[in-house]
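Undergrad: sharing a model prediction with you, sequence too.
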Amino acid sequence: MKTEEKRTQCLNCGNTFKGQFCPHCGQKANTKRLQSVELFKNVVSPFVGGDSKVVNTCRDLFVRPGIMVRNYLMGKRARYYNPLQMFVYVITTYAIVSYVLGVSTSIFDEMAELDLGSLDEFKDSASIGFLIRYVNTLHDNKLYGTFFFAFLSVFPYHVFFRTKIQRPDGAMLPLNYTEQFYTQMFHSCLQMMISIILLPVCLIEGAEGILSYIYQIAALVYVVIIYKQLLGIGWMKSTLLNILAIMLTVVLLFVLVVVVLVAAMLIEEAMK
């Protein structure tokens, strides 16, 4: 944000300075609102771990997730990993921990567990049970369920969460699609960290069912907290809008699964 005498106020620490980088924290002077170009840069940028950013991101995601996400979206990014890099970090940690513990829920095993049935079964029955089984397996998978659900939920959350927040330049604007995606990815990172914490309990025989409920409840509670703190809305409003957004996301997921299965069925028939 520009001030008088062509000086720049750092969006991360508030220091006023001249030049391209803040001499206090090192953040770039031209830190702008998140857009699709920024998303692309974060995807292709090399992932570098092992510094205080990991600790800061993990701690603040657990303690004050919505405030952390708000700070990140509004320009305070020097102390945190962007959520795409953080997601790579946590799924790698999840894979290593599950392998060391000998738990069968390794991320690499789950990637191969999407053999949900044949197209013949879908053609013969076209049952809602088949689709529910398909959707549940996708949702429960730690890799597909977190990343894909975050991607698919961007539009529903953009529809329901239209509360405007004050920008560093004083403008009052709602979250754009890219900011919604980053918010959802931070929540996905938090879900993966919860899974890592719960992994040792998986060693207890018969605990899988209980852990699944704990995981789902924790994920729902945290996404309610995130949007409450991020947008400054009440508990009731955040809970209701989250439920509506999740329901619309599930509907979109069902529609997408049907489209993919029907397309695959038509391609299979055409190749005969």
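TA: Perfect, thanks for sending it.
Undergrad: near Lys164, how many other residues are there?
TA: A count of nearby residues for Lys164, using other Cβ atoms under 10 Å, gives 11. The way it works is simple: take the backbone N, C-alpha and C, and place the C-beta from them, glycine included.
Undergrad: do I have it right that it meets Gly170?
TA: No. Lys164 lies out of contact with Gly170 (Cβ atoms under 8 Å); the separation is 11.9 Å.
Undergrad: and the helices in this protein?
TA: For the chain, the helices defined by DSSP state H occupy 36-44, 52-63, 65-73, 83-101, 107-110, 119-125, 128-140, 142-152, 154-160, 177-198, 208-231, 235-270.
Undergrad: looking at those helices, which is nearest to Cys22?
TA: helix 65-73 (15.4 Å; Cβ to Cβ).
Undergrad: mean confidence for the closest one?
TA: Averaging pLDDT along helix 65-73 yields 96.
Undergrad: how about stretch 232-242?
TA: Computed over stretch 232-242, the average pLDDT equals 97.
Undergrad: need the contact partners of that stretch.
TA: Outside of stretch 232-242, the residues within contact range by Cβ atoms under 8 Å, 6 or more residues apart in numbering are 160-161, 163, 165, 220, 223-225, 227-228, 231.
Undergrad: pLDDT below threshold where in the stretch 101-250 of the chain?
TA: Residues of the stretch 101-250 of the chain that meet the criterion pLDDT under 70 lie in 103-144.
Undergrad: what about 90?
TA: Regions of the stretch 101-250 of the chain meeting the criterion pLDDT under 90 cover residues 101-151, 168-170, 192, 195-216, 250.
Undergrad: coming back round to it: so which of the helices of the chain gets nearest Gln9?
TA: Of all these, it is helix 65-73 that lies closest to Gln9, at 15.3 Å by Cβ to Cβ.
Undergrad: for that closest one, packing partners?
TA: If contacts are counted by 3 or more Cβ pairs under 8 Å, 6 or more residues apart in numbering; DSSP states H and E, helix 65-73 sits against helix 52-63, helix 177-198, helix 208-231.
Undergrad: of all those helices, which one is nearest Ile91?
TA: Nearest to Ile91 among these is helix 177-198 (5.9 Å), distances taken as Cβ to Cβ.
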